[in-house]
Structure formats: C-alpha cells, structure tokens
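**Q** Need coordinates for the below:
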Amino acid sequence: MAESAPESSTADQADEPDQPVQADQPGQARPTGLGQGPGRLLVMLYGVFTVAAASRSIYQLAAQYHEAPLAYILSAVSAVVYAFITVSLVRGGEGARKAAFVCCAAELLGVLTIGTWTLADRSAFPDQTVWSDYGMGYLFIPVFLPVTGLIWLRKARQD
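**A** Take a look at the predicted model:
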C-alpha cells in the first residue's frame, strides 16, 4: 500500500515568516508576497534582464574590454542590480521589499544618469550599455522597469 505525501496545510504556510498570509475564504489562507500576482511579471522581466545584462557584460569584459571599459563595467553593474532585485522579489518579506525598493530607486537614478550622459557626451561611451539612451536598445524597458517596480513595492508595503 503506497503512502501519499501529506498535503501542505494552511498552518504550514502561516509558519513561514517572510510570506504574509491572506485569507481567501474562512478557514483557508494563501501566501502572498512580492513575487505573487503582478509581481510575477516583474520577477520574470528582472530575471530576463539579469541574464541578458550579465551575458552581454561578461562577453564584452572578456573579449572587448579595451574598446569601451566604462560601458561594459556599467552593464555588469546593471546585471548585479537586476539580480539583487530579482532575488529580493522572489524572497519576499518586508526586509526584502525595502532592499528592492532602494535598489529600484538606485536603478532608476542610474538609468536617468547614464541615459542623459550618453546623450550629452557620446564620446564617453563608444559602445552601448543597457542603460544608454534610457534603454532605447531594449525598447526603453530599463526606464519603465524600475518605475513599475517602485510602484509595485510601494503598493506591497505592509503597514
């Protein structure tokens, strides 16, 4: 006679400190978090941008560093920021929300600063970064992503 695995109870979900619990119906609870609902789209987009920026910067730093070191280092920095935000969204909890909020604000500042710098002084960036021209090479997603992240993280704040 095969034994079936015990099903997870709502009490097990409530024991997880980083996952707030929201009741759907009396007697039932479901975990909610930063990576739930619309937050899943943010997790997916930040994950894709982490891989894209990291892959691009690793190749460029290894094979083309001498051509545009500042641009390639900035692309690597953006990959680290994207990865940190992705992990924070997946991890959930109030501490992760605050950390992700600070990183999204720093990311937005970086996109606006680098975007303006690349438009004002093209010679400083012989090659594109993820944040060049406000992310034009990435359909401007790098400028909209942190704004969307800040809105979601503010909405997800636990009072």
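
**Q** what's whatever helix or strand Ile73 lives in packed up against?
**A** Here Ile73 is covered by helix 69-91, with elements defined by DSSP states H and E. Applying 3 or more Cβ pairs under 8 Å, 6 or more residues apart in numbering; DSSP states H and E, one finds that helix 69-91 contacts helix 39-63, helix 94-120. Placement of C-beta: from N, CA and C, glycine included.

**Q** so where's this structure uncertain?
**A** Applying pLDDT under 70 to the chain flags residues 1-32, 158-159.

**Q** what does the helix holding Ile73 contact?
**A** Outside helix 69-91, the residues that touch it by Cβ atoms under 8 Å, 6 or more residues apart in numbering are 18, 34-35, 39, 42-43, 46-47, 49-50, 53-54, 56-58, 60-61, 64-65, 96-97, 99-100, 103-104, 106-107, 110, 114, 124-132, 142, 149.

**Q** Any idea how far it is from the middle of the chain?
**A** 8 Å (Cα atoms, centre = their mean, to the nearest Å).

**Q** now swap in stretch 122-135 and tell me
**A** With Cα atoms, centre = their mean, you get 21 Å for stretch 122-135.

**Q** and the end-to-end length of that stretch?
**A** Using Cα to Cα, to the nearest Å, the end-to-end distance of stretch 122-135 comes out at 15 Å.

**Q** in it, what's buried?
**A** Judged by neighbour count (16 or more other Cβ atoms under 10 Å), stretch 122-135 contains these buried residues: Phe125, Gln128, Thr129, Val130, Trp131, Ser132, Asp133, Tyr134, Gly135.

**Q** next one: stretch 77-92
**A** Judged by neighbour count (16+ other Cβ under 10 Å), stretch 77-92 contains these buried residues: 77-79, 81-92.

**Q** Alright, calling it a day.
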